[in-house]
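In: Below is the sequence, then the predicted model.
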Amino acid sequence: MSAPLITILDDEAGVRQVLSDALEEAGFQTMGFGRATEFEAALRRVTPDVCLVDLSLPDKDGLTLVHRLALELGAAVIIISGRAQVQDRVTGLELGADDYITKPFDPAEVVARVRARLRKDRAQPLNSSNTAKFNGWTAHFDRYVLEDQHGDETTFSHAEGEVLRLFLDSPKRLINRAQMQETLGGAAGESFDRAMDVRISRLRTKLQEDPKNPRLIKTIYGAGYIFLGDVSWV
């Protein structure tokens, strides 16, 4: 089995070299790119396991690229950026990124985050089907699409799909933050909690939930979440 491929998109050659050295020493293959156009051209030839993406790119907006990677390609995306503001983190997660690391960073931490991401991706889901029906909705995990009872479709990101699948695999059971962190990967703490809050909020919006009284994804304050739908896998 070939080593996982990690792509690095950053306009600073020094950053690319540091990341490449650390990841290759850890046993990964890497490809580095200084411009978004070069990276997008390479995606027609290769399929990375994880994409490391800087937001400050010379030729394209990094957030727009993250959104495309997450929604159109279903790629695992970790943002590495000098933008440390909370709003930048929130926006990146809302657009579908799986994790957010701020510069300056410890290369060992990046390697650890990549490993955690790959462990989670390789974990077998409780149900191997890619389609689930619940309360008038159909979730197509092979296409990252939610379909309502009228056939109208709404896309969801790779990261949002992971949370939705976790709920659909364990309906009417309490799922606490520790279980979510163990299943979904990522570093525990405020950053992980914020990422989950963002993804659950976006899922509720796409499921047309009343934010003040959601019917499907209920928050049990101080305990976790519970999904109240009736789920059938097809």
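Out: Looks like it came in fine.
In: Next, count neighbours for V145.
Out: Using other Cβ atoms under 10 Å, V145 has 15 neighbouring residues. From N, CA and C alone the C-beta is placed, and that goes for glycine too.
In: got the contact list for it?
Out: A139, E153, T154, T155, F156 (Cβ atoms under 8 Å, 6 or more residues apart in numbering).
In: Quick check: the third one is in a strand.
Out: Yes. Counting by DSSP: H, G, I helix; E, B strand; the rest coil, T154 falls inside a strand.
In: coming back round to it: out of the contacts of V145, which are buried?
Out: For the contacts of V145, a burial check counting by 16 or more other Cβ atoms under 10 Å picks out A139, T155, F156.
In: list the helices and strands the helix or strand encompassing Q87 packs on?
Out: Assigned by DSSP states H and E, Q87 belongs to helix 86-94. Secondary-structure packing of helix 86-94 (3 or more Cβ pairs under 8 Å, 6 or more residues apart in numbering; DSSP states H and E): helix 62-68, strand 77-81, strand 99-102, helix 190-206.
In: State the mean pLDDT of it.
Out: Across helix 86-94, the average pLDDT comes to 77.
In: who's in contact with that helix?
Out: 55, 63, 66, 79, 81, 100, 159, 191, 194-195, 198-199, 202.
In: Tell me the pLDDT of the residue sitting furthest away from the middle of the chain.
Out: The centre of the chain is farthest from one residue, H150, which by Cα atoms, centre = their mean lies 27.8 Å away. What the model reports for H150 is a pLDDT of 94.
In: My guess is R215 contacts E209. True?
Out: Yes. Counting by Cβ atoms under 8 Å, R215 does reach E209; the two are 6.4 Å apart.
In: Out of these two, name the residue with the larger neighbour count.
Out: E209 (17 against 13).
In: mind listing what's buried in the helix or strand bottoming out on mean pLDDT in the chain?
Out: For the chain, counting by mean pLDDT, DSSP states H and E, helix 86-94 ranks last in confidence among helices and strands (a mean of 77). Neighbour counts over helix 86-94 (16+ other Cβ under 10 Å) mark D88, R89, T91, G92, L93, E94 as buried.
In: can you check stretch 225-234 too?
Out: For stretch 225-234, the buried set under the neighbour-count rule, 16+ other Cβ under 10 Å, comprises Y225, I226, F227, G229, V231.
In: Tell me if I'm right that the fourth one and N135 touch.
Out: Yes. With contacts defined as Cβ under 8 Å, G229 counts as touching N135 at a distance of 4.6 Å.
In: which residues do the two both contact?
Out: Residues touching both G229 and N135 (Cβ under 8 Å, 6+ apart) are L216.
In: returning to that earlier point: take the buried residues of stretch 225-234 and write them to CSV, including pLDDT and distance to Q181.
Out: Putting the buried residues of stretch 225-234 into CSV (pLDDT from 0 to 100; distance: Cβ to Cβ, whole Å) gives the following:
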residue, pLDDT, distance to Q181
Y225, 90, 13
I226, 91, 17
F227, 93, 17
G229, 90, 23
V231, 93, 23
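In: which stretches of the chain form helices?
Out: 13-25, 36-42, 62-68, 86-94, 107-122, 158-169, 177-184, 190-206 (DSSP state H).
In: Report the distance from the last one to the chain centre.
Out: So the one you mean is helix 190-206. 11 Å (Cα atoms, centre = their mean, to the nearest Å).
In: ok, the nearest residue to R173 once chain neighbours are set aside - contacts?
Out: Spatial nearest neighbour of R173, excluding adjacent residues (Cβ to Cβ, 6 or more residues apart in numbering): I226 at 6.7 Å. Going by Cβ under 8 Å, 6+ apart, I226 touches K172, R173, L174, I175, I217, K218, I220.
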